[in-house]
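Chemist: Please find the sequence and the predicted model below.
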Amino acid sequence: MRTAHIKLTSKRQATFPKYVCETLGVGPGDTLILAPVISGTETEWVLRSEKNDMPWFGALRSYAEGKDHSPSAIKASIAKEMRRDRGGR
């Protein structure tokens, strides 16, 4: 996973790298949640999207990326699994 560096302006504004926004699924006007996580004597901050504030959101994204999600592809995938479950190929 890549790290990101964000520099604040004199008005405490920041510009996030494109890949960070894409990973969070956010764009202009979206709200981010910045939550403290205390670990021993140090405090770290976790950044989350308010609209995607579900711990399971995106958990299966790596399995879906690069795959065809058209209705015909989904039907073909289901048919293939049904054949496999019956002992066919």
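Modeler: Okay, I see it.
Chemist: Can you tell me the number of residues neighbouring residue 26?
Modeler: Look at residue 26: counted by other CB atoms under 10 Å, it has 19 neighbours. C-beta coordinates here come from the backbone N, C-alpha and C atoms, glycine included.
Chemist: same check, this time on residue 6
Modeler: Quick note: residue 6 (other CB under 10 Å) scores 10 neighbours.
Chemist: And residue 32, by the same measure?
Modeler: There are 14 residues near residue 32, going by other CB under 10 Å.
Chemist: Quickly list what it is bridged to.
Modeler: residue 49 (DSSP bridges).
Chemist: What separation do you get for it and residue 45?
Modeler: Separation of residue 32 from residue 45 (CB to CB, to the nearest Å) stands at 11 Å.
Chemist: repeat for residue 63
Modeler: For residue 63 relative to residue 45 (CB to CB), the value is 29 Å.
Chemist: Send me the longest helix along the chain as CSV with only the CA atoms.
Modeler: Using DSSP state H to define each element, the chain has its longest helix at helix 71-85. Output of helix 71-85 as CSV, limited to C-alpha atoms (Å, rounded to 0.1, in the frame of the first residue of the first chain):
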residue,chain,number,x,y,z
PRO,A,71,-26.3,-9.6,-16.5
SER,A,72,-25.2,-12.1,-19.1
ALA,A,73,-21.8,-12.6,-17.4
ILE,A,74,-23.5,-13.1,-14.0
LYS,A,75,-26.0,-15.6,-15.5
ALA,A,76,-23.1,-17.5,-17.1
SER,A,77,-21.2,-17.6,-13.8
ILE,A,78,-24.2,-18.9,-11.9
ALA,A,79,-24.8,-21.6,-14.6
LYS,A,80,-21.1,-22.6,-14.5
GLU,A,81,-21.2,-23.0,-10.7
MET,A,82,-24.5,-25.0,-10.9
ARG,A,83,-22.9,-27.4,-13.4
ARG,A,84,-19.9,-27.8,-11.1
ASP,A,85,-22.0,-28.5,-8.1
